[in-house]
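[1] Next comes the sequence, and after it the predicted model I'd like to discuss.
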Amino acid sequence: MKFLAITKRKRRMGLLSLTIALVVLSLVQCATKHQVTSPPVAVTDKGLKDYYKDYFPIGVAVSGASLHGPDSALIVREFNSVTPENDMKMGPIHPSENVYNWKNADAIVDFAVRHHIKIRGHNLCWHNQEAAWMFKSPNGEPVSKELLLQRLKDHIFAVAGRYKGKIYAWDVVNEAIDDGDDTTQIYRKSNWYNICNGIDFIEAAFRYAHKADPNAKLYYNDYNSEHPVKREKTYKMLKKLIADHVPIDGVGMQAHWKLNDPSPEELRKALDEITSLGLKVQITEMDITIRLPKPPPSPGTMPSVAATTPDPGYTPELEDKQTAQYKMAFDIFRQYKKFITSVTFWNVSDRSSWLDMRGGGLMGGAAAGANTLRMVRKAYPLLFDENRQRKKAYWAVVNF
Ligand code: XIL
């Protein structure tokens with residue numbers, strides 16, 4: 001009897017372990033299968049977006065490559081808005097008249113939708129990374145204003161139309177204001193400006209974008225809008241657009257900043273001026289390089305080739321200054337939460353920033369033209385370090 005009972009118990013135990021093993025196996029299989037087909041990245045702890053949930057969405061510029069591996073996990077954990085870094089620009093997305101490259105832009109949109117992340121579109125009209133074919137007529141002559149505006153319209157209808165309802169804000173026109181000190185020269189003399197003989201392209205771009213996606217918020221986007229001269233020019237342009245009933249919702253302040261630039265006063269002044277016109281602000285491309293501009297070379301000498309000068313790197317002093325500048329900026333952003341409708345960083349971590357290829361921003365950063373002397377020097381401009389770990393600046397931004 002005893003023997004029989006033991007065998008029965010053994011058999012029951014055997015069945016039980018078999019069942020457990022099967023359950024475990026199928027769970028493992030499920031997990032593996034899940035990973036292979038669609039990998040929504042596990043969200044483990046609080047990120048920037050959570051600290052700022054009562055303020056504004058926090059975004060990041062992304063490329064196709066950042067949608068896989070460790071960058072994607074960080075993006076999903078920290079951010080609730082993304083901007084395609086290059087993939088929606090005119091040249092990359094529309095390289096010739098009847099050719100559109102949707103693949104990369106679609107992948108970013110799909111990733112964002114799948115992870116419930118908002119999308120900022122960047123951008124619909126710019127003089128850089130342009131679709132150069134647009135400026136030539138079919139016979140090779142410079143294009144007429146009419147044909148150029150027709151092409152702009154077709155482009156905007158195609159791109160903004162494709163992502164209608166998925167993009168909450170578009171940078172409609174990028175960097176159309178002149179950088180010089182002459183306050184009477186408001187606009188950049190780009191191909192757009194020269195062919196249109198004025199700013200009809202700006203007004204037209206906003207009207208087309210509004211038609212193509214009536215619910216998207218429409219922004220004018222530029223850098224150095226906090227500097228007094230450019231601020232004044234920006235204000236004049238905005239007043240004109242508003243007087244002409246152009247459907248503009250706000251201004252994108254790129255915020256490619258330095259350790260000592262802007263000052264809090266300059267930042268507040270710019271925010272006050274823009275918002276006094278009834279416009280919103282988005283901080284669209286934030287980074288703060290640790291590199292300080294070099295003093296201009298003394299007369300008669302060549303500018304030093306900085307690549308050959310020793311690089312002190314990311315010293316603790318520089319890190320502290322950067323942390324203080326980030327803290328100053330976010331303290332002000334929070335005070336303006338009624339007007340600021342998102343803050344986006346330009347790139348994910350210090351592992352790779354667009355500024356690294358531009359002397360860390362030393363050579364002019366956003367303002368650097370194609371002819372600027374290029375050299376590689378790291379900018380360390382973001383909230384995550386080269387190992388994607390949170391920096392001091394991160395904690396200064398979230399502890400409030
Ligand atoms: C930059 C990208 O980050 C680079 O990868 C690219 O080579 C050049 O453009 N202002 C803008 C952005 O509006 O589109 C720019 O992005 C940075 C400056």
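    On my side now, so go ahead.
[2] partners of Ile340 in the sheet?
    When bridges are called by DSSP bridges, Ile340 pairs up with Val281.
[3] what number of residues lie near it?
    The burial count assigned to Ile340 is 21, neighbours taken as other CB atoms under 10 Å. Using the backbone N, CA and C atoms, a C-beta is placed for each residue, glycine as well.
[4] can you pull the contacts of whatever residue of the chain ends up closest to the ligand?
    The chain approaches the ligand most closely through Trp354 (3.3 Å), counting by CB to the nearest ligand atom. With CB atoms under 8 Å, 6 or more residues apart in numbering as the criterion, the residues that contact Trp354 are 85, 346-347.
[5] near the ligand too, which of those?
    Taking CB under 6 Å from any ligand atom as the test, the ligand is in contact with Glu85 out of the contacts of Trp354.
[6] Now, of the contacts of Trp354, which are buried?
    Neighbour counting by 16 or more other CB atoms under 10 Å classes 85, 346-347 among these as buried.
[7] I'd like to know which of those are part of strands.
    Secondary structure assignment by DSSP state E places none of the buried ones among the contacts of Trp354 in strands.
[8] Pick the one among the residues you listed closest to Asp110.
    Ranked by distance to Asp110 (CB to CB), the buried ones among the contacts of Trp354 are led by Glu85 at 16.5 Å.
[9] which residue sits closest to the closest one, ignoring its sequence neighbours?
    Spatial nearest neighbour of Glu85, excluding adjacent residues (CB to CB, 6 or more residues apart in numbering): Ala61 at 4.1 Å.
[10] Give me the pLDDT for the one you found.
    pLDDT recorded at Ala61 is 98.
[11] Poorly predicted segments of the stretch 251-400 of the chain, please.
    Judged by pLDDT under 70, the stretch 251-400 of the chain has its weakly predicted residues at 294-298, 300-309, 363-374.
[12] That one: helices as residue ranges?
    Secondary structure of the stretch 251-400 of the chain (DSSP state H, counting those that start in this stretch): helices at 264-275, 316-335, 392-398.
[13] I'd like those helices as a markdown table, with mean neighbour count appended.
    Formatted as a markdown table, the helices of the stretch 251-400 of the chain follow (neighbours: other CB atoms under 10 Å):
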| stretch | mean neighbour count |
| --- | --- |
| helix 264-275 | 17 |
| helix 316-335 | 17 |
| helix 392-398 | 19 |
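[14] Can you add distance to the ligand and give these back as CSV?
    Shown next, in CSV, are these (distance: least, CB to the nearest ligand atom, whole Å):
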stretch, distance to the ligand
helix 264-275, 17
helix 316-335, 18
helix 392-398, 20
